[in-house]
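Visitor: Build me a structure from this.
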Amino acid sequence: MRVAVRVTDDGTPSVELSDPSGTPRARLSLASNDGPRLALTSAGGSPVAVFAVQADDTAKLTLDDAQGTTRLALRTHSDGAPSIVLDDASGKERLVMTRAPPGRRGCRSTTKKDVRARC
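Guide: Modelled structure (predicted):
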């Protein structure tokens with residue numbers, strides 16, 4: 001089956017698209033907060049991109065590497081401010097950029113001083 005429409009035992013609906021081998025590649029569902037969630041997966045079935053509306057009605061997009069570790073997160077916050085978070089292969093935040101109030105830095109780097117990003 002290439003398209004499946006499901007409702008879980010708790011009543012959560014989803015639509016799933018599978019490739020010719022039957023591996024799910026895209027799923028549109030409602031998250032536990034009843035917000036929409038679109039997940040795209042690799043040929044191996046691992047999530048590689050997830051776009052969701054959070055409980056506070058803000059948007060978040062995450063991109064994962066082949067090992068399933070989130071490497072990039074883009075989101076809006078409840079005040080409308082955007083942010084970008086770059087993670088290393090272990091999932092540790094390495095660079096965070098966001099809109100900051102006047103006079104404050106909107107970027108911070110957690111890399112070693114000799115390769116510190118100029119924010």
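Visitor: From here on, just use CA atoms for contacts and neighbour counts.
Guide: OK.
Visitor: for stretch 58-78, the distance to its chain's centre please.
Guide: Stretch 58-78 sits 3 Å away from the centroid of its parent chain (CA atoms, centre = their mean, to the nearest Å).
Visitor: again with stretch 85-101
Guide: Counting by CA atoms, centre = their mean, stretch 85-101 is centred 13 Å from the centre of its parent chain.
Visitor: got it, and stretch 1-11?
Guide: Centroid separation between stretch 1-11 and its chain, computed with CA atoms, centre = their mean, is 22 Å.
Visitor: if I look at Q67, how far off is T41?
Guide: Counting by CA to CA, to the nearest Å, the separation of Q67 from T41 is 12 Å.
Visitor: what does R25 give?
Guide: Distance from R25 to T41, counting by CA to CA: 5 Å.
Visitor: what do you get for N33?
Guide: Distance, N33 to T41, by CA to CA: 22 Å.
Visitor: quick one, which of these two is more surrounded?
Guide: Neighbours per residue (other CA atoms under 10 Å) separate N33 from T41, with T41 holding more: 20 against 11.
Visitor: Not counting sequence-adjacent ones, nearest residue to that one?
Guide: Of all residues not flanking T41 in the chain, P47 sits nearest, at 4.2 Å (CA to CA, 6 or more residues apart in numbering).
Visitor: do L72 as well
Guide: Leaving aside its sequence neighbours, L72 sits nearest to L86 (CA to CA, 6+ apart; 4.8 Å).
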